[in-house]
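Enquirer: sharing a model that was predicted from the sequence below.
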Amino acid sequence: MAVLQIPVVPRVLFPMASLLQITKAYKSYGDQVLLDGAEATLSDNVKVGFVGRNGAGKSTLLRILLGEEELDSGEVVRHSSLRLGYLRQHDPFLPGETSLAFLMRDSGQPDWKCGEVAGQFEIKGSYLNGPIASLSGGWQTRLKLAALLLHEPNLLLLDEPTNFLDLRTQILLEHFLRNFRAACLIVSHDRAFLAATCTHTLGLSRGKLFAFPGKVDAYLEFLQEKRLHEERSNEAIIVKRRHLEDFIARNKARASTAALAQSKSKQLEKLELTEILSDEPTVRIRAPRVEPRKGPALRCRDVTIGYPGRQVASEVQLEIDHGSRAAIVGDNGQGKTTFLRTVVDSLKPLAGEVRWGYGCRVGVYAQHVYTSLPENGTVLSYLRDQAVGGKKEQEILGLAGAFLFRGSEVKKPISVLSGGERARLCLAGLLLGEYNVLVLDEPGNHLDVDTVDSLVEALLEYEGTLIFTSHDRHFTSRVATCIVEVRDGQVTNYSGQYESYLYRVNKEIEAGERELASERAKLPPELAKPAKVSSRPARQDDKSTRKELKTLEKTIAQLDEQKRSLSAQLLVSTNAAEALRLHNEVASLTEQLATAEERWFQLQELLEGAT
């Protein structure tokens, strides 16, 4: 019988210069052990994907590497040449600050250098010279990445960098990381992103770190093969033990065979079973069982979506058939969520008609829905409230267990649940219904690799209609049967599979990068020199201008905060009158902001002209 050869995985990742070394690391919070004698080495120029279950301790380890937390015991050894770069989750921007001003202030580099690096992330023109407050979250992430690059780190730590990034920004980030000539440690549940950027994998499970010299898919396959090999080896050992025990029992009493039986006893003592750890709890998801239907599930006729005074897309002509799994794609800010809100009637169309087919029962999982869970409830009370009539308590407990709420966990107050736990709870509640249409906005956010895979399998078996958005390419490519693109004020069926859509977006980005390289080559040599700094003392009128600038920056910050708060309320408002009032207030604040920012630019130009 052929024996499966399992490669030995070295404890030290790579035989190169060591930037960081973790030795005998222990860390726990109460009874929860996150690191239990963990050891690993991060080496120069190697990009490592860091994977593990939610709550395993990945983010805690990153904070330890950054020096923000301490180990209970053990050591983190840092090389003297280490220059650590971390993608900041908070916003390091000043009120009224432009992208270029932030990059120059943060890095201390001249404007030409900051502009060159920003161009790698397509930050140019008004995006570079305009106020950061006007940029979406994805563009602000691009700006933070440009700032990282300007510091020239030799080890990047990225914690879930693709969360809430649109496809185009994800691909730009991939291009950046592939060309980045230094080491990276990337925590992500996005398997496609890790496969595109990382050549090695670090796994954290049960407090131990496992280094694997290959991509994440190969690592997961290796773990499965290793377990199968150990199970087969144990089965063979158990069979051999029985044969030896039988031989010894039959021959130990005979004088002629007693010596041989004694020899077999020694062989038996040497036969040891390999300890196989029990499987970690895994989500097993079942989608609602529904009767398959035929014909159109959703029709949009001459629909205009948006808000009073702000049109997002118009003349939408769309039809989605029963049984389809439609992926809604497009860049952030183009209107994907606005479109979903319109079709589920939480936002009325500005014009046209949205109509669901006869007998459609629509269940909705909205982005950030877990933030609206009842804080005074428990896991079980919420699931009971969500369950349709006739669901037995055992069914509810069974589904709770499938989403890893087992035993006393079902009595856990919602107020103490993590983001991932809340997301699982919301999905569990949705699946306790009998919906034959599911509308899911970013269902995979905050779910680990295993949970996302289980959700994929459930949705593939689901016989109802699915309309969803997701920035996870692995998830979308497996689930989607048709693509609907929201772009440039239009919502249209994209003729082609998801892989074709990915190919088109990649080509557009590559064309932009070639154009940027061509523009860079045309720059005269003098632009590649640092700008001279004037040492002229400030005049009296400069001082009054700077004073007005500071006052304006405070005003802009206050207006921006008010606008963000009202915009957040508008996003979740379901009352038409309330939404209209909020929209009008946001529009008024937008005008005030524009006026203040225009004055800020005028004053800034005055100061620059004076120098």
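Expert: All right, it came through fine. These numbers come from a predicted model, not from an experiment.
Enquirer: just to be sure, residue 193 is in a helix?
Expert: Yes - the assignment for residue 193 by DSSP: H, G, I helix; E, B strand; the rest coil puts it in a helix.
Enquirer: who touches the nearest residue to it once chain neighbours are set aside in this structure?
Expert: Leaving aside its sequence neighbours, residue 193 sits nearest to residue 162 (CB to CB, 6 or more residues apart in numbering; 5.2 Å). Every C-beta, even on glycine, is put in place using the N, C-alpha and C of the backbone. Residue 162 makes contact with 170, 173, 188, 190, 193, 471, 472 under the criterion CB atoms under 8 Å, 6 or more residues apart in numbering.
Enquirer: need the max-distance pair from these.
Expert: Longest distance between any two of the contacts of residue 162 is 14.1 Å, between 173 and 472; criterion CB to CB.
Enquirer: what's in contact with the helix or strand harbouring residue 266?
Expert: Assigned by DSSP states H and E, residue 266 belongs to helix 258-270. For helix 258-270, contacts defined as CB under 8 Å, 6+ apart pick out 241, 244, 245, 247, 248, 251, 252, 254.
Enquirer: one more time with 7 Å, if that's ok
Expert: 241, 244, 245, 247, 248, 251, 252 (CB atoms under 7 Å, 6 or more residues apart in numbering).
Enquirer: quick check: buried residues in that helix?
Expert: Using 16 or more other CB atoms under 10 Å as the test for burial, helix 258-270 gives 261, 264.
Enquirer: can you list the strands that the helix or strand following that helix pairs with?
Expert: Using DSSP H and E, the helix or strand that directly follows helix 258-270 along the chain is strand 296-307. Sheet pairing of strand 296-307 (DSSP bridges) gives strand 310-321 (antiparallel), strand 351-356 (antiparallel).
Enquirer: switch those over to TSV; also include mean neighbour count and mean pLDDT.
Expert: Output for the strands paired with strand 296-307, formatted as TSV (neighbours: other CB atoms under 10 Å; pLDDT from 0 to 100):
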stretch	mean neighbour count	mean pLDDT
strand 310-321	18	92
strand 351-356	15	94
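Enquirer: quick one, what contacts residue 435?
Expert: Counted by CB under 7 Å, 6+ apart, residue 435 has contacts 288, 361, 362, 363, 464.
Enquirer: dump those to a markdown table, plus secondary structure.
Expert: Output for the contacts of residue 435, formatted as a markdown table (three-state DSSP):
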| residue | secondary structure |
| --- | --- |
| 288 | coil |
| 361 | coil |
| 362 | strand |
| 363 | strand |
| 464 | coil |
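Enquirer: among these, which one has the most neighbours?
Expert: residue 464 (26 neighbours; other CB atoms under 10 Å).
Enquirer: what distance do you get for that residue to residue 188?
Expert: 30 Å (CB to CB, to the nearest Å).
Enquirer: what of residue 404?
Expert: Residue 404 is 20 Å from residue 188, by CB to CB.
Enquirer: the two: who's more crowded?
Expert: Using other CB under 10 Å, the more surrounded residue of residue 404 and residue 188 is residue 188, with 23 against 19.
Enquirer: quick check: that one touching residue 160?
Expert: Yes - using CB atoms under 7 Å, residue 188 is in contact with residue 160, at 5.9 Å.
Enquirer: what about the helices in the stretch 51-200 of the chain?
Expert: Residue ranges of the helices in the stretch 51-200 of the chain, as given by DSSP state H, counting those that start in this stretch, are 58-65, 99-107, 111-119, 126-129, 137-150, 167-179, 191-197.
Enquirer: leaving out the residues flanking it, which one is nearest to the most centrally placed residue in the chain?
Expert: Per CA atoms, centre = their mean, the C-alpha nearest to the average position across the chain is that of residue 163, at 3.0 Å. Spatial nearest neighbour of residue 163, excluding adjacent residues (CB to CB, 6+ apart): residue 445 at 6.2 Å.
Enquirer: for that neighbour, helix, strand, or coil?
Expert: coil.
Enquirer: how much space separates residue 384 from residue 429?
Expert: From residue 384 to residue 429 the distance is 10 Å (CB to CB).
Enquirer: which one's more surrounded, the two?
Expert: residue 429 (24 against 15).
Enquirer: the more buried one should be in a helix, yeah?
Expert: Yes - according to three-state DSSP, residue 429 belongs to a helix.
Enquirer: list the contacts for it?
Expert: 382, 383, 386.
Enquirer: report pLDDT for it.
Expert: At residue 429, the model reports a pLDDT of 88.
Enquirer: measure it to residue 443 for me?
Expert: 13 Å.
Enquirer: quick one, grab the pLDDT at the residue nearest to residue 163.
Expert: 72.
Enquirer: how about residue 326?
Expert: Model confidence at residue 326 (pLDDT) stands at 95.
Enquirer: likewise residue 604?
Expert: pLDDT at residue 604 comes out at 65.
Enquirer: now swap in residue 595 and tell me
Expert: pLDDT, read off for residue 595, is 73.
Enquirer: count of neighbours near residue 230?
Expert: Residue 230: 17 neighbours (other CB under 10 Å).
Enquirer: the stretch 1-150 of the chain: strands as residue ranges?
Expert: 18-29, 32-43, 47-51, 73-78, 84-86 (DSSP state E, counting those that start in this stretch).
Enquirer: want to try CSV for these, with mean neighbour count and mean pLDDT as columns?
Expert: Converted to CSV, the strands of the stretch 1-150 of the chain look like this (neighbours: other CB under 10 Å; pLDDT from 0 to 100):
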stretch, mean neighbour count, mean pLDDT
strand 18-29, 17, 89
strand 32-43, 19, 88
strand 47-51, 24, 92
strand 73-78, 13, 91
strand 84-86, 18, 87
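Enquirer: closest one to residue 102 among these?
Expert: strand 84-86 (16.1 Å).
Enquirer: and that closest one, which strands flank it?
Expert: Going by DSSP bridges, the partners of strand 84-86 are strand 155-159 (parallel).
Enquirer: rounded mean pLDDT for the partner strand, please.
Expert: 89.
Enquirer: any idea how far that strand is from the chain center?
Expert: 14 Å (CA atoms, centre = their mean, to the nearest Å).
Enquirer: what do you get for stretch 400-419?
Expert: 22 Å.
Enquirer: same question for stretch 170-182.
Expert: 16 Å.
Enquirer: going forward, the N-terminal residue is numbered 12.
Expert: With 12 as the first residue, the last one maps to stretch 181-193.
Enquirer: list the buried residues for it?
Expert: 181, 182, 183, 184, 185, 186, 187, 188, 191, 193.
Enquirer: who touches that stretch?
Expert: Taking CB under 7 Å, 6+ apart as the rule, stretch 181-193 contacts 56, 58, 131-133, 153, 156, 164-167, 172-173, 195, 204, 207-208, 482, 516-517, 520.
Enquirer: am I right that residue 476 is in contact with residue 354?
Expert: No - using CB under 7 Å, residue 476 is not in contact with residue 354, being 11.4 Å away.
Enquirer: in helices only, show me the contacts of helix 269-281.
Expert: 252, 255, 256, 258, 259, 262 (DSSP state H).
Enquirer: look at residue 316 and say how many residues are nearby.
Expert: 27.
Enquirer: domain map for the chain?
Expert: 20-94+164-225, 101-163, 231-281, 307-514, 551-621 (automatic domain parsing).
Enquirer: turn these into TSV, columns for distance to residue 295.
Expert: Formatted as TSV, those follow (distance: least, CB to CB, whole Å):
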stretch	distance to residue 295
domain 20-94+164-225	15
domain 101-163	33
domain 231-281	17
domain 307-514	5
domain 551-621	32
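Enquirer: least confident of those domains, on average?
Expert: Among those, domain 551-621 scores lowest, at a mean of 68.
Enquirer: if anything else comes up later, I'll come back, but that's it for now.
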